[in-house]
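Colleague: coords please:
(2 chains)
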Amino acid sequence: MKLTTTLLTSTALTVAAGVAAHAQDMANDMTLVSWGGAYQASQQKAYAEPYMENNPEVSIVWDESSNEAVAKLRAMNEAGNITWDLVDVVASDAMRLCDEGLAMEIDHDEALAAAPDGTKASDDFGDLIVSDCFIPQIVYSTTFGYRTDMVPEGAEAPNDICDVWDTETYPGKRSLEKRPINNMEWALLCDGVAKDKVYDVLATDEGQQRALDKLDEIKDDVIWWSAGADTPQLLADGEVFMGSTYNGRLFSAIVEQDQPIAMMWDAQVFDLDGWIVPAGLPKDRLARVMDFLNFATDTQRLADQAKYISYGPARESSAPLVGKHADLGIDMAPHMPTDPNNAKNTFLYNYEFWADYRDDIDAKFQAWLAQ
Amino acid sequence: MSNLTVDIPRPPLNSFTLPLMAVFAGCFGFVVGNVFAQPLIGFLIGAAIGAGVALLAHSLPRSRRNVRLGLIVVFGLIGLILVGPGALVAGLLIGAILSWAAYWLGSGAYRSSVPTYYTARQTLWHNSFLFICGLVFFFLIAPLIPVIWLSFNAENFFTFTPEMLNFQAEGYSLKHYRDFLGTEEWMVPLKNSLIIAPFATFISVSLGTLAAIGLSQSHVPGRQAIMAILISPMIVPLIISATGMFFFYAPLGNWLEATLGLNQSFVGYVKVILAHAVLGVPFVIITVTATLVGFDKSLTRAAANMGANPVTTFFRVQMPLILPGVISGGLFAFITSFDEVVVVLFVGSAQQQTLPWQMFTGLREQISPTILAAATILVTVSICLLTTVELLRRRSERLRGMSPG
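Modeller: The predicted structure follows:
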């Protein structure tokens, strides 16, 4: 009996030797920071649960603090007490954190898995690696949803971004995000500026004023939101006719909650969301995070996430693997912002522009709001 | 006492009951009319109905019960037919209130609880006072009702669906309670809250009671200043304390982890518990100081005279007498820690997520009615707790013969 045990143990040890030697210097607790809600649940199911199945010794705690990740990381850094291991942020926050030295620079090819066909990670992610610290996960879009039962009789369903301004045909409140990004671009588009000229115009004082003047036309009809959950709630209440929010939130309200809402998709603005690793992690925790990161951003895992939420995977090699919704069994591809039917008229968030002009335009926008 | 009763004369119908009822019912009509976007017409119809009810009550003073029942049913039916099952409840309520008011005013019962020599103005004030008291309770409790109601929503939004308003079974579900009780997302924070709050309460009660006793001795130098410092966490804006605590506890935690080799999560709990204990101390000090005012100092001297040392005196003589103050201070400290979100957001890390933290982020990120289910459970539990404590207190007072009741 004893012999068998010893034999078994030693066999197991030999098999596990490669892994064990590796695993010994890894911490077993990990704190992941994300956005909560359906998005975090999709990460939990697609990344964390399979990882913990492979590594039962690991326990993962989630912190729903991505909204204030920049401020909190600054404070943690200042206090010398970094309690987070991996942080989910939007691309612009990742760039700020990278510039401030709060996020670690990553060698994407070394840290991340190659695609199944051998394409290097940096090629597979391509342009989406907008910063050296940023590991992209998904492409999401900010777009409009509207109440189908509130479309006036005889009118066509709204299908143009400028219908947001058309309060005569489509009476009712609109909900817009309480920040200039996206709103200023949409305003200029509807004021007759060509799509490729929007940022040139917005770079001038007159252009900014022009956008604000356009927004002024509907200011009385706007409810301003600051959390992604606001617009779905307002739409479900019938308090607004149409509102902008992240496409995954609208998907959840339409398909999973069965609300009388439809997507508009026109002039949707693409943005990226992904991981950063905080700078200055102790060695054992860093080793664990890098191991998890390698697993959680491989081709299959990114495609798996799309089973739970309608955000497009950031790897090119993941796109063909996107399948059906995990519970409802519907095809997810037509709900992706990147689907050709939805992406007829799109807009890419311009990181360089907003990095340069954000503070300035923010101040003007807030002053305009307070008028 | 003799059986002397004074017959209260019925007030005049035309100059008193009728106009008052018309205005009163007109207010209801105004609210109902608002639903149909016709507040003024609603007011007029309401006034007419009010006058009618007053007339009816005036002409049938004897058969009060039957008239009231009939009116309630009629109003309920009107609501049911005009709007739907949801308005049935509203109709029943309005019928009950209006018919009660008609008899209360019409029979002169509004004067039954004031002495007969009261002037009209004094009676008016007496009844308005009661009315204001009722309003205070209403405004305290009313906001809880939609919260409890919505927690049984079958949808994932904070929305009263038409099914809910019509009291149809498919509009209601217990799924948010299942979410609360069945997922780690809520059970872990609940567990954390139940770890942190009792420890923090224990520390603040022990230290706060000792501090209050010490500060009640007249020979302690700088009593006022010490008191002011100890109470300051209650006065300083919480966000300021929280920022300060964050920078104070971070190096402390690092030191505990580095030199004593303690587990990171354990150190996290210690930090949050200490921070919450500091917030709870002022409540204990204030309540205990208040009970100490009524404490007879000669009892401790008598105990000393009989040979008891200060510790024995404290536990055998002083503690039992100030116990009510200690307990209510402890309750406050517990609730402070259990409800606290700002400090724990700063000082704690994700492993110490408490229930208010989870509610706060949940409300911001996903607006899910699970929060309402959590709130309903918490409200119910705290009502039960407070009732139990109060019943126990009364029982022990009765046993000790301290209370006449």
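Colleague: What ranges does the stretch 201-350 of chain B have for its helices?
Modeller: Ranges of helices in the stretch 201-350 of chain B, per DSSP state H, counting those that start in this stretch, are B:223-235, B:238-259, B:264-293, B:298-305, B:310-313, B:319-339, B:342-347.
Colleague: Out of those helices, the one nearest chain A is which?
Modeller: helix B:238-259 (3.5 Å; Cβ to the nearest Cβ). Glycine gets a C-beta too; all of them are placed from N, C-alpha and C.
Colleague: Mind listing what's buried along stretch B:331-340?
Modeller: In terms of neighbour count (16 or more other Cβ atoms under 10 Å in any protein chain shown), stretch B:331-340 has its buried residues at B:331-338, B:340.
Colleague: For B:L92, find the nearest of the helices of the stretch 201-350 of chain B.
Modeller: When the helices of the stretch 201-350 of chain B are compared by Cβ to Cβ, helix B:319-339 sits nearest B:L92, at 36.4 Å.
Colleague: what's the average pLDDT for the closest one?
Modeller: The average pLDDT within helix B:319-339 is 89.
Colleague: Residues in a beta bridge with the closest residue to A:I330 other than its chain neighbours, which ones?
Modeller: Distance criterion Cβ to Cβ, 6 or more residues apart in numbering or on different chains; nearest residue to A:I330, sequence neighbours excluded, is A:K324 at 6.3 Å. Note on A:K324: beta-bridge partners A:D331, judged by DSSP bridges.
Colleague: in chain A, which helix or strand is least confident?
Modeller: Lowest by mean pLDDT, DSSP states H and E among the helices and strands of chain A is helix A:2-23, with a mean of 46.
Colleague: next one: chain B
Modeller: For chain B, judged by mean pLDDT, DSSP H and E, that is helix B:162-165, with a mean of 82.
Colleague: quick check, it touching chain A?
Modeller: No. Using Cβ under 8 Å from any Cβ of the partner chain, helix B:162-165 stays clear of chain A, with a minimum separation of 10.8 Å.
Colleague: Quick check, B:I195 in contact with B:V270.
Modeller: No. In this structure B:I195 lies outside contact range of B:V270 using Cβ atoms under 8 Å: 11.2 Å.
Colleague: Give the helix, strand or coil label for the residue in the stretch 51-200 of chain B that chain A sits nearest to.
Modeller: Relative to chain A, the nearest point of the stretch 51-200 of chain B is B:F157 (4.1 Å; Cβ to the nearest Cβ). The assignment at B:F157 comes out as coil when based on DSSP: H, G, I helix; E, B strand; the rest coil.
Colleague: Distance-wise, check the nearest residue to it once chain neighbours are set aside relative to A:A187.
Modeller: Leaving out its chain neighbours, the residue that sits closest to B:F157 by Cβ to Cβ, 6+ apart is A:A236, at 4.1 Å. According to Cβ to Cβ, to the nearest Å, A:A236 stands 26 Å off from A:A187.
Colleague: And B:G33, by the same measure?
Modeller: Applying Cβ to Cβ, the value for B:G33 to A:A187 is 40 Å.
Colleague: neighbour count winner among those two?
Modeller: Ranked by neighbour count (other Cβ atoms under 10 Å in any protein chain shown), B:G33 and A:A187 place A:A187 first, with 27 against 19.
Colleague: and A:S310, helix, strand or coil?
Modeller: A:S310 - assigned by three-state DSSP - is coil.
Colleague: tell me, how many neighbours does the residue nearest to A:I330 end up with?
Modeller: Look at A:K324: counted by other Cβ under 10 Å, it has 13 neighbours.
Colleague: Now do the same for the residue nearest the centre of chain A: helix, strand or coil?
Modeller: In chain A, the C-alpha nearest the mean C-alpha coordinate belongs to A:D273, at 3.5 Å (Cα atoms, centre = their mean). Three-state call for A:D273 (three-state DSSP): strand.
Colleague: Output the buried residues of stretch B:331-340 in TSV; the columns should cover distance to chain A.
Modeller: Output for those, formatted as TSV (distance: Cβ to the nearest Cβ, whole Å):
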residue	distance to chain A
B:L331	30
B:F332	29
B:A333	26
B:F334	25
B:I335	24
B:T336	23
B:S337	20
B:F338	20
B:E340	17
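Colleague: count of residues packed around residue 289?
Modeller: Unless you meant another one, I'm taking chain A. Residues within reach of A:V289, counting by other Cβ under 10 Å, total 25.
Colleague: wrong one, I was asking about chain B
Modeller: Other residues lying near B:T289 total 21 when counted by other Cβ under 10 Å.
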